[in-house]
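# got a predicted model here, sequence first, then my questions.
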Amino acid sequence: MKSVGFIKNWVKVLCQSMFISGIVIMSVIPFSCKVSTEGMQIVKGDILPPVLDEVIVRDSKSIQLIFSEQVTVKDWFVSPVAEDDGVHLEQQGSVETISVFVDIFTNQRNAVDATIDYDESGKIVTFVFAEDMVVGQMYELCGTVEDTAGNSITFAVPFSGFNSRVPLLMMTELKTSTASQSKSEKENDFYRTEFVEILALSDGNLAGLELVSAYDGEERKYVFPAIDVKKGEIFVVHLRTRGVGCVSEEGEDLSLATTSYTNPNVRDLWCTNDKTCFGDKTDVVFIRNSSDGKILDVVMYRDSEVTEWNEKFNEFLTVVDDCGIYEDSSINNASDASSLTTTKTISRVGMNEILVKINNGDELEEVYKSGVNSWIVTKATPGEIVQE
């Protein structure tokens, strides 16, 4: 009988617990109700937080955030980011991380003054700064926004000071794979790795520009430093740091880089990446302005045996269609790279006319059209544009 009583008490306690739990659960689930002739109806509530869809640096004094729904900014600050801050954006989105940012920047940095404007929909929020942002300087916009239902998100957005002097750039040679070392290179720990040779068609600053490969994806893109280039200047971006002598020449001294594929008269820039880059014989590579997404140049190449693009290229092919450099992103417009080897590169054809225009001081086109015959396979000549 004792055991029966115990079971009865246990069932009673269990029922009470379930009833109390039900009340608690209902109290934390957001919903509204209304009474009608049919009785009480449960009306679904808004429990989803807003989403930050896009960030646009509009000019030297403003940045625009586009959300998925109407929001109100509750707390925010903008501050320059120093290299030694020790807190990195890989942790973006964590409330704890934002608190760390707030502690660091409000206590040790002078926040940038700004005013906030909303568009009619309330989805577009524009921060207008009291002073011009420094070109190439990294900044961070941290804050919290709340939708009309009270759901909120906390965010950390990195951005670079707006560059109003973006130069016209043209890719002129791409090395898509690494080559074997010679005996002397092995002795000096030199390597011949992937690179892109670029020609400046006008004066400007490289701040905010990115070199992106569809094969490597956004996470492997190269971000240019904030350095000035002159019309007619040739520079080389090396996509892999390996061995010794891989020094980015961001100042006046162009003799700092000493490894293979470098030239003491040409600026060499290095990506910190240590993995292979580019599709060996099939890829889409472009230079993009991160501020507005504008494409400065693009090259498509493929092995003749490849008859359709890899599905992971799709988002990049849309960019090609929109920029107008190629007729469209069809793989039939990609240059034939079948004969590429580890010692050869693809080089742009038709450079004679362009170089003559540069030497004459002529105005050049904003973009140069490309097509299936725009690139050919040649021997590697980084820093030296070969004239036909």
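Cool, the structure landed.

# switch to C-alpha atoms for all contacts and neighbour counts from now on
Will do.

# pretty sure Phe155 contacts Glu140?
No. Using CA atoms under 8 Å as the test, Phe155 is too far from Glu140 to be in contact (10.1 Å).

# quick one, strands of the stretch 1-150 of the chain?
Assigned by DSSP state E, counting those that start in this stretch, the strands in the stretch 1-150 of the chain fall at 31-36, 39-44, 52-59, 62-67, 71-80, 114-118, 124-129, 138-147.

# in TSV: those strands, plus distance to Ser338 and mean pLDDT.
Shown next, in TSV, are the strands of the stretch 1-150 of the chain (distance: least, CA to CA, whole Å; pLDDT from 0 to 100):
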stretch	distance to Ser338	mean pLDDT
strand 31-36	62	41
strand 39-44	58	53
strand 52-59	38	91
strand 62-67	43	96
strand 71-80	47	91
strand 114-118	53	94
strand 124-129	47	96
strand 138-147	41	92
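
# and the ones you listed: which comes nearest Lys175?
With CA to CA as the criterion, Lys175 lies closest to strand 138-147 of these, at 30.2 Å.

# identify the residues contacting the most centrally placed residue in the chain.
The C-alpha lying nearest the average C-alpha coordinate of the chain belongs to Glu218 (CA atoms, centre = their mean; 5.7 Å). With contacts defined as CA atoms under 8 Å, 6 or more residues apart in numbering, Glu218 is in contact with Val212.

# can you give me the helices in this structure?
Along the chain, counting by DSSP state H, helices occupy 2-28, 95-108, 183-188, 314-323, 351-360.

# lowest mean pLDDT across those helices, which one is that?
The stretch with the lowest average pLDDT out of the helices of the chain is helix 2-28, scoring a mean of 44.

# tell me how far Asp203 lies from Gly232.
Applying CA to CA, to the nearest Å, the value for Asp203 to Gly232 is 8 Å.

# neighbours of the nearest residue to Val285 once chain neighbours are set aside, how many?
Nearest-residue entry for Val285: Ser213, 4.4 Å, with adjacent residues in sequence omitted and distances by CA to CA, 6 or more residues apart in numbering. Burial of Ser213, expressed as a neighbour count using other CA atoms under 10 Å, amounts to 24.

# quick one: Ser213 and Thr282 touch, right?
No. Distance between Ser213 and Thr282: 10.5 Å, which falls outside the contact criterion (CA under 8 Å).

# bridging residues for Met170?
Counting by DSSP bridges, Met170 forms beta bridges with Leu199.

# show me the contacts for Val247.
So Val247 contacts Leu256, Ala257, Thr258, Asp268, Leu269, Trp270 (CA under 8 Å, 6+ apart).

# try 7 Å
Leu256, Ala257, Trp270 (CA atoms under 7 Å, 6 or more residues apart in numbering).

# wait, the first one touches Val244, no?
So that's Leu256. No. The pair Leu256 and Val244 does not pass the contact test of CA atoms under 7 Å, sitting 11.2 Å apart.

# so those two - more neighbours on which side?
A side-by-side neighbour count of Leu256 and Val244, using other CA under 10 Å, places Leu256 first with 19 against 14.

# number of residues surrounding Thr172?
For Thr172, the number of neighbouring residues by other CA under 10 Å comes to 23.

# same check, this time on the one 5 residues further on
A count of neighbours around Ser177, defined by other CA under 10 Å, yields 21.

# what does Glu366 give?
For Glu366, the tally of surrounding residues (other CA under 10 Å) stands at 13.

# same question, Asp268
The burial count for Asp268: 28, using other CA under 10 Å.

# which residue packs closest to it, ignoring adjacent ones?
On the basis of CA to CA, 6+ apart, the spatially nearest residue to Asp268 that is not a chain neighbour turns out to be Val236, at 5.0 Å.

# what residues are up against the one you found?
Contacts for Val236 (CA under 7 Å, 6+ apart) come out as Phe195, Val196, Glu197, Ile198, Arg267, Asp268, Leu269, Pro382, Gly383.

# tell me how far the last one lies from Phe224.
Applying CA to CA, the value for Gly383 to Phe224 is 17 Å.

# what's the answer for the fifth one, then?
The span separating Arg267 from Phe224 equals 13 Å under the rule CA to CA.

# between the two, which one's more packed in?
The residue with more neighbours, out of Arg267 and Phe224, is Arg267; 24 against 20, by other CA under 10 Å.

# quick one: Ile124 from Phe286, how far?
Distance of Ile124 to Phe286, computed by CA to CA: 29 Å.

# wait, I meant Asp132
Distance, Asp132 to Phe286, by CA to CA: 29 Å.

# of the two, who's got more company?
The neighbour count for Asp132 versus Phe286, taken as other CA under 10 Å, is higher for Phe286 (20 against 14).

# what's across from the more buried one in the sheet?
On DSSP bridges, the residues paired with Phe286 through beta bridges are Val212, Val298.

# neighbours of Tyr139, how many?
Quick note: Tyr139 (other CA under 10 Å) scores 19 neighbours.

# Gly243 now?
Residue neighbour count, defined by other CA under 10 Å, stands at 15 for Gly243.

# same thing with the one 10 residues further on?
Neighbourhood size, Asp253 [other CA under 10 Å]: 12.

# now the one 5 residues further on
By other CA under 10 Å, the residues close to Thr258 number 16.

# same thing with Glu252?
Number of residues near Glu252 (other CA under 10 Å) recorded here: 8.

# can you tell me how far it sits from Asp268?
Counting by CA to CA, the gap between Glu252 and Asp268 amounts to 11 Å.

# who touches both of the two?
With CA under 7 Å, 6+ apart applied, the contact sets of Glu252 and Asp268 do not overlap.

# surely Ser291 meets Ile56?
Yes. Between Ser291 and Ile56 a contact is recorded at 6.1 Å, counting by CA under 7 Å.

# the more surrounded of those two?
Ser291 (20 against 16).

# which residues touch that one?
Ser291 sits next to Ile56, Val57, Gly208 when contact means CA under 7 Å, 6+ apart.
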